[in-house]
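[1] predicted model and sequence follow; I will ask about them next.
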Amino acid sequence: MLAVAAVVAINIFVTIAVAIYLAIYSSGHPGEAISAAIIQKLTFNPYVMVSGQFLGYLALLVAMAWIIRNRYHRRFWQTLQWSWPSAWLRYLFSGMILALVVQVVSRFLPLPKSLPIQRYFETTGGAYLMAAFGILIAPLVEEMFFRGFLYPVLERAFARALHNSRTARAGASLALLFAAWALVMRALSGAALLAAALLPLIGCALLLSRSKQPAISTPTSIVAAVLLVLWGLAMHFSSRTLLLTAVSACLALGLLFVVAAARGGMESRAAAVGGIATAVVLTAASFALIHAAQLASSVAPLAILFTVGLVLTLVRALTRSLAASVLVHVGYNTALFAMLYLSTNQFRNLERMN
């Protein structure tokens, strides 16, 4: 639910930032009508995007701190497992090497000629702003959420689910439901699509009102219903390749739960390994999908970002240090912006991005 709230919060603050800049624009251009072209231009303005995303990140951090303190009654940094590695330069340079490898591999992939994110790099000032945000702020906040908060929650949840046959059966049902729902929502359109989007919420309410001992807790059921709504809408507007990949992933996850349920629940060690593996993949997928709009949901860029997310999450899982994955992320982004800086003549010839 926090992941959904994070996306919503960022979009709300970006919308607020667009509204503020529109008001400023209108005051400087009295009598001029606000056209769709002006709104779109402001939407892709780096100053608007960074302002909104920065406020959204702050709201996310506040929500994380509140949950950790009030629900888990733990210290913030201790819960996120922040521990500074002694060989910190090794992780920083590893991220830079990862960026170089990604750039080499990208030359052999069918990448689009242009992406929405490139529209934030149309001016030298905007490019410097995006670089500063991408190196100093985004890696820290994104790692705190994805690898510091989301990953351990998923790891524990899936380990418990695989260890218990009852929750494993419920997990298998949910995975198969998500796969089927993606295909159904893809086939619908118009009013039927909007009506079907509400069915998970209605079904959740009916099941909770009639079942005295549900297989899944009430909060989990509500979260699953909300995610099912968002999942269905996302799959409706996604590409065919992305749809088939997502459905295949759901079926694979469902098969894992079926195997666990058939064995009466996995042993503790096997369940722990399964929880780690599943959490690593899902965290990487979430990390890629949250950037889908900036990448126009193109398969090749998302696959690259998913792979980077896998590396970052594996670093977090193997070292048990959030600081280690932050350093790799900072190194990765620093190398990308450094290469862009050099290839565009210090951000003066940004048309070379294409």
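    Done, it's in.
[2] measure Val229 to Asn11 for me?
    16 Å (Cβ to Cβ, to the nearest Å). Using the backbone N, CA and C atoms, a C-beta is placed for each residue, glycine as well.
[3] can you check Trp181 too?
    23 Å.
[4] looking at those two now, which is surrounded by more residues?
    Trp181 (20 against 14; other Cβ atoms under 10 Å).
[5] what residues does the helix or strand containing that one touch?
    Using DSSP states H and E, Trp181 maps to helix 165-187. Outside helix 165-187, the residues within contact range by Cβ atoms under 8 Å, 6 or more residues apart in numbering are 158, 160-162, 193, 196-197, 200, 215-216, 224, 228, 231-233, 235-236, 243, 246-247, 250-251, 253-254, 257-258, 260-261, 263-265.
[6] buried ones only from these, please, as a PyMOL command.
    Buried subset of these, written as a PyMOL selection, criterion 16 or more other Cβ atoms under 10 Å:
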select buried, resi 158+161+162+193+196+197+200+216+224+228+231+232+235+236+243+246+247+250+253+254+257+258+260+261+265
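[7] please flag which of the contacts of helix 165-187 sit within helices.
    With helices taken from DSSP state H, the overlap with the contacts of helix 165-187 comprises 158, 160-162, 193, 196-197, 200, 224, 228, 231-233, 235-236, 243, 246-247, 250-251, 253-254, 257-258, 260-261.
[8] now do the helices in the stretch 251-354 of the chain.
    Assigned by DSSP state H, counting those that start in this stretch, the helices in the stretch 251-354 of the chain fall at 268-289, 299-319, 322-343.
[9] do the same with the stretch 51-200 of the chain
    Taking DSSP H, counting those that start in this stretch as the test, the helices found in the stretch 51-200 of the chain are 76-79, 88-106, 124-132, 138-143, 151-163, 165-187, 190-197, 199-210.
[10] which residues are in contact with the shortest one?
    Same thing as helix 76-79. 64-65, 68-69, 72.
[11] among those residues, who's most crowded?
    Within these, neighbour counts (other Cβ under 10 Å) peak at Met64, which reaches 21 neighbours.
[12] check contacts around it.
    The contact partners of Met64, by Cβ under 8 Å, 6+ apart, come to 2, 76, 144-145, 149.
[13] and for Thr43?
    With Cβ under 8 Å, 6+ apart, Thr43 has these contacts: 14, 18, 49.
[14] repeat the analysis, applying 10 Å as the threshold.
    14-15, 17-18, 21, 49, 52, 116, 119 (Cβ atoms under 10 Å, 6 or more residues apart in numbering).
[15] could you dump those residues to TSV with neighbour count, pLDDT and distance to Leu302?
    Formatted as TSV, these follow (neighbours: other Cβ atoms under 10 Å; pLDDT from 0 to 100; distance: Cβ to Cβ, whole Å):
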residue	neighbour count	pLDDT	distance to Leu302
Val14	19	75	21
Thr15	13	77	24
Ala17	23	79	26
Val18	19	77	25
Tyr21	20	77	29
Met49	24	85	19
Gly52	23	85	22
Pro116	15	85	13
Arg119	17	87	18
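[16] Leu61: neighbour count?
    Around Leu61 there are 17 residues (other Cβ under 10 Å).
[17] my read: it touches Glu142, true?
    No: using Cβ atoms under 10 Å, Leu61 is not in contact with Glu142; the gap is 11.2 Å.
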